[in-house]
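S.K.: This is a predicted model, with the sequence first.
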Amino acid sequence: MSIVEDQRATQESDRLDAFVDKFIRNAWYVCAQGREIGAALLGRSILNQPIVFYRTSAGRVVALHDACPHRFMPLSKGRLYKDAIRCTYHGSLFDENGVCIEIPSQSTIPPKCNARTYPVVERAKWVWIWMGDPAKADAALIPEEDYLGFGKEGYWTVEHRYRRVKGRYGLCNENLIDDTHISFLHLGQFESGGRVHTMPEVSQDGKWVRSRWFDPQEKISPFFRMLFDVDYDFAPRALVGHFHPPATHCVWIEMYDPANPAAPPKVLRVALAFTPETATTTHWFWAESRNFHQQSAAWDAFASETSWAIQEQDFYAIEAIEVLLQQGSDMPEEVSFKADAGVMRARRVMNQMLRHEAG
Amino acid sequence: MSELLDGIARRLGECADEDPGVGGATIKFDAGQDGVIVIESRPRPARISTTDRPADCTIKIAAPFLQKAVSGEIPCGAAFMKFVRGVEGRPGLAVQIQPFLRLVAAKGRTPA
């Protein structure tokens, strides 16, 4: 391929819809909050694959393809029998390795009568699943729980939540990477509106795409005065975002004391994971931690309610765009701005991963 | 004093036997032309009044939005984030008072 052709291919692949209907399978995705998986069966589609989750009596999380190989009844409609699933249709029994161990109507078990298993790892609050080649499922590829804020020394995990978003995961990713929407979609709530005039520093470290926005003298909104418990009119403040492709983000706010800017800042840290359910719907996982007012129920509630309220504004935008994208062919050509540097870099990384996976 | 603010103050007063959770501080909701609500957390029970006086924390919020917070129509934290237009004094007290407001909302004692 010539350079010109390669550039054209890159531009094509930078388009929003260039990757979102193609899943990167050799990657870890968050599939559930640990507390969602217990002795009851949980059915959930991941990357368009139906999966049934449960926890064994020993506490291990199991993920099986959610279809009985006999007549494709969802196993999640069945019931647990000890640590095995009894299909509710004809009673076949599958153990935690997906092996059929009983067919009530016959004594022999066909060798293909198994349910596919998926590698899963439970780390702190979240359960991660590997949908690709099991031989490549290296748990070391999962972002460190310290990094995500779970159990990070000096931090307190506030809460973690889940929502199904009716929008493709590419939209979710880009919402997080794009800082400038904050000045409008979230106007007046957690910043003063000045962000749009200041470009973030964008960098890349391997697959990681990183951005850091900093204002040495930002006007502090009433909300931030309450949340960070600071009595400043203006203060140095940073917003840092790290994108770990294909679907994990760590975002944090650093609030510095203007009288002592060299002192460690107050930090509010948010981890998000966007897992494709289908090509146009996403599992949205969120967790939040902070290094101030730790173990305060009042701050837990305030930080949780407000962070979720902000995310509801994001859901509103993402779902509105998704409706439009699905309406069809009369969309104008997408235009990007200078402020989209992080988004475009993320798209390129995602497309490189897809091309690499396709061989 | 607006009728709405008076109603909010009355309902807050019905929960005055509960601990406002602000460690003896005085909180003021300043609703502009509609007036103020002052919560004196000490001595117990807390004293709720609509007479202006100095406070450790003054929260500027319009009466209809304060009503949304104490009625549970909007989660209290989200209401504060969206509708508080200013905080004077000790800002953290505006967070510490919220569990008390949630309690008022949960008891369903707020005016319709």
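M.R.: Arrived safely.

S.K.: Let me have the longest helix seen in chain B in CSV, keeping just the CA atoms, if that works.
M.R.: Taking DSSP state H as the assignment, the helix of chain B that covers the most residues is helix B:3-13. Output in CSV follows, covering the C-alpha atoms of helix B:3-13 (Å, rounded to 0.1, in the frame of the first residue of the first chain):
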residue,chain,number,x,y,z
GLU,B,3,-45.2,30.6,51.4
LEU,B,4,-43.0,27.9,49.8
LEU,B,5,-40.0,28.7,52.0
ASP,B,6,-42.2,29.0,55.1
GLY,B,7,-43.6,25.5,54.3
ILE,B,8,-40.1,24.1,53.9
ALA,B,9,-39.0,25.6,57.2
ARG,B,10,-42.0,24.1,58.9
ARG,B,11,-41.3,20.7,57.6
LEU,B,12,-37.6,20.9,58.5
GLY,B,13,-38.8,21.9,62.0
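
S.K.: helices or strands up against that helix?
M.R.: Packed against helix B:3-13 by the contact rule (3 or more Cβ pairs under 8 Å, 6 or more residues apart in numbering or on different chains; DSSP states H and E) you find strand B:36-40, strand B:47-49, helix B:63-71. C-beta coordinates here come from the backbone N, C-alpha and C atoms, glycine included.

S.K.: Report pLDDT for residue A:177.
M.R.: Each residue has a pLDDT score; the one for residue A:177 is 89.

S.K.: That one: neighbouring residues, count only.
M.R.: A total of 25 residues lie near residue A:177 under the criterion other Cβ atoms under 10 Å in any protein chain shown.

S.K.: again with residue B:83
M.R.: Neighbour count for residue B:83, taken as other Cβ under 10 Å: 20.

S.K.: hang on, it packs against residue B:63?
M.R.: No - contact status for residue B:83 versus residue B:63: not in contact, 10.5 Å apart, counting by Cβ atoms under 8 Å.

S.K.: outside of the host helix or strand of residue A:53, which residues touch it?
M.R.: Here residue A:53 is covered by strand A:49-55, with elements defined by DSSP states H and E. For strand A:49-55, the external contacting residues (Cβ atoms under 8 Å, 6 or more residues apart in numbering or on different chains) are A:31-32, A:36-45, A:61-67, A:74-76, A:80, A:85, A:118, A:120, A:127, A:129, A:131.

S.K.: Now intersect the residues you listed with the strands, please.
M.R.: With strands identified by DSSP state E, the entries of those that belong to them are A:31-32, A:42-45, A:61-65, A:80, A:85, A:120, A:127, A:129.

S.K.: Assign the closest residue to chain B within the stretch 151-300 of chain A to helix, strand or coil.
M.R.: Among residues of the stretch 151-300 of chain A, the one nearest chain B by Cβ to the nearest Cβ turns out to be residue A:229. It sits 3.7 Å away. Put simply, residue A:229 is coil when judged by DSSP: H, G, I helix; E, B strand; the rest coil.

S.K.: Can you tell me, leaving aside adjacent residues, what's nearest to the residue in chain B that chain A sits nearest to?
M.R.: Distance from chain A to each residue of chain B (Cβ to the nearest Cβ) is smallest for residue B:77, at 3.2 Å. Beyond its immediate neighbours in the sequence, the residue positioned closest to residue B:77 (Cβ to Cβ, 6 or more residues apart in numbering or on different chains) is residue A:305, lying 3.2 Å away.

S.K.: Residue A:134 and residue A:120: what is the separation?
M.R.: When distance is defined by Cβ to Cβ, to the nearest Å, residue A:134 is 11 Å away from residue A:120.

S.K.: out of the two, which sits in the more crowded spot?
M.R.: It is residue A:120, of residue A:134 and residue A:120, that has more neighbours when counted by other Cβ under 10 Å, with 21 against 12.
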